[in-house]
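J.: I would like to see how this sequence folds:
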Amino acid sequence: MPKPTKKVRRGAPAWMLTYGDMTTLLLTFFILMFTTAEIEGRELQLILSAFKGSLGMFKGGMTLSEGVLAELGQQVESLPAKERGNQLAKAIEKAVSIFQPEVKSRKVKITEDQRGIVISLVADAFYESGSPELTREGLTVIDKLGQFLSSGEFEENDIRVEGHTDNTPVSPASAFYFQYPTNWELSSARAVKIIRILNEEHNIRGDNLEAIGYGEYQPVETNDIEEGRAYNRRIEIVIMRKKEYS
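T.: Predicted coordinates for the structure are as follows:
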């Protein structure tokens, strides 16, 4: 009588299926973490606005609360065009290239926020204490700025120059005290002088320019330590987003 043949199991053992699933899920998880880390907060919100109620139980099925993005609703076609995003990215890349030495030395910082492109100048690097007058290095940087802004790319953008100080009062011993007795006057004067250079020397249209003095009332760091106060003493040149896209 022939002996019964022994069944041979083929393929991977059962535990390999579970292990493969776990490895794939872990890989997907870490790719997702990396991808979202590279997306700006505003851009991520714009992407999420296309998913109606997909992130949880929200009243009325809305994933975004009222605010700067509320008008987008749930329509994917409301998202900014890809070309527009590329233009903004190229403008930031060009600005970083132009101000590369100042960026490396941390005298200039270039970022993007809901207003647009922000070129922030550390005031201590370009002004004497209490003075509204730019130093020689400051004038060189503003000349670079003027050439960048007058290149034709920003003819439809408003340009806003914002002056900021820390919360230290202007010293009565300062040579400029009688002209600029408070941080209001000092921050405003610094902004206006840059606006004049952009308008008079670089032919940037006056109706596209704004000058604002915020004094000490828009800090980005604490005024309790000197390092924080140094960050708060700044000039911000904001290339505003085009009105129809903001």
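J.: where does pLDDT dip in the protein?
T.: Along the chain, the model assigns pLDDT under 70 to residues 1-12, 34-86, 243-246.
J.: if we use 90, what do you get?
T.: Along the chain, segments meeting pLDDT under 90 span 1-91, 129, 151-153, 155-156, 174, 241-246.
J.: how about the helices in it?
T.: Taking DSSP state H, the helices of the chain run over residues 14-37, 41-48, 82-98, 100-104, 123-126, 136-149, 183-202, 226-232.
J.: how about these in CSV, adding mean neighbour count and distance to residue 167?
T.: C-betas here are computed from N, CA, C, even on glycine. Shown next, in CSV, are the helices of the chain (neighbours: other CB atoms under 10 Å; distance: least, CB to CB, whole Å):
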stretch, mean neighbour count, distance to residue 167
helix 14-37, 10, 34
helix 41-48, 14, 28
helix 82-98, 13, 30
helix 100-104, 14, 26
helix 123-126, 20, 14
helix 136-149, 17, 23
helix 183-202, 20, 8
helix 226-232, 15, 7
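J.: with distance to residue 114 added, can I get the ones you listed in CSV?
T.: As requested, these are exported to CSV (distance: least, CB to CB, whole Å):
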stretch, distance to residue 114
helix 14-37, 19
helix 41-48, 6
helix 82-98, 12
helix 100-104, 22
helix 123-126, 23
helix 136-149, 20
helix 183-202, 20
helix 226-232, 20
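J.: list the contacts of the closest residue to residue 176 other than its chain neighbours.
T.: Leaving aside its sequence neighbours, residue 176 sits nearest to residue 130 (CB to CB, 6 or more residues apart in numbering; 5.2 Å). Going by CB atoms under 8 Å, 6 or more residues apart in numbering, residue 130 touches 170, 171, 174, 175, 176, 177, 180, 186.
J.: could you redo the last one with a cut-off of 7 Å?
T.: By CB atoms under 7 Å, 6 or more residues apart in numbering, the contact set of residue 130 is 170, 171, 174, 176, 186.
J.: neighbour-wise, which one of the residues you listed leads?
T.: For those, the largest number of neighbours (other CB atoms under 10 Å) sits with residue 186, at 27 neighbours.
J.: distance of that one relative to residue 163?
T.: 7 Å (CB to CB, to the nearest Å).
J.: distance check, residue 21 against residue 201.
T.: Relative to residue 201, and taking CB to CB, residue 21 is found at 65 Å.
J.: sorry, back to before: most widely separated two among the contacts of residue 130?
T.: The largest separation in the contacts of residue 130, counting by CB to CB, is between 171 and 186 at 11.2 Å.
J.: before we move on, the earlier item: any chance of the contacts of residue 130 in JSON lines, plus distance to residue 208?
T.: Shown next, in JSON lines, are the contacts of residue 130 (distance: CB to CB, whole Å):
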{"residue": "170", "distance to residue 208": "31"}
{"residue": "171", "distance to residue 208": "36"}
{"residue": "174", "distance to residue 208": "33"}
{"residue": "176", "distance to residue 208": "29"}
{"residue": "186", "distance to residue 208": "25"}
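J.: list just the nearest of the residues you listed to residue 147.
T.: The shortest approach to residue 147 among the contacts of residue 130 belongs to residue 186, at 26.9 Å (CB to CB).
J.: point to the residue nearest the middle of the protein.
T.: Centroid-nearest residue in the chain: residue 112, 2.0 Å away (criterion: CA atoms, centre = their mean).
J.: what pairs with it across the strands?
T.: Applying DSSP bridges to residue 112 gives these bridge partners: residue 117.
J.: now the one 10 residues further on
T.: Under the criterion DSSP bridges, residue 122 forms beta bridges with residue 234.
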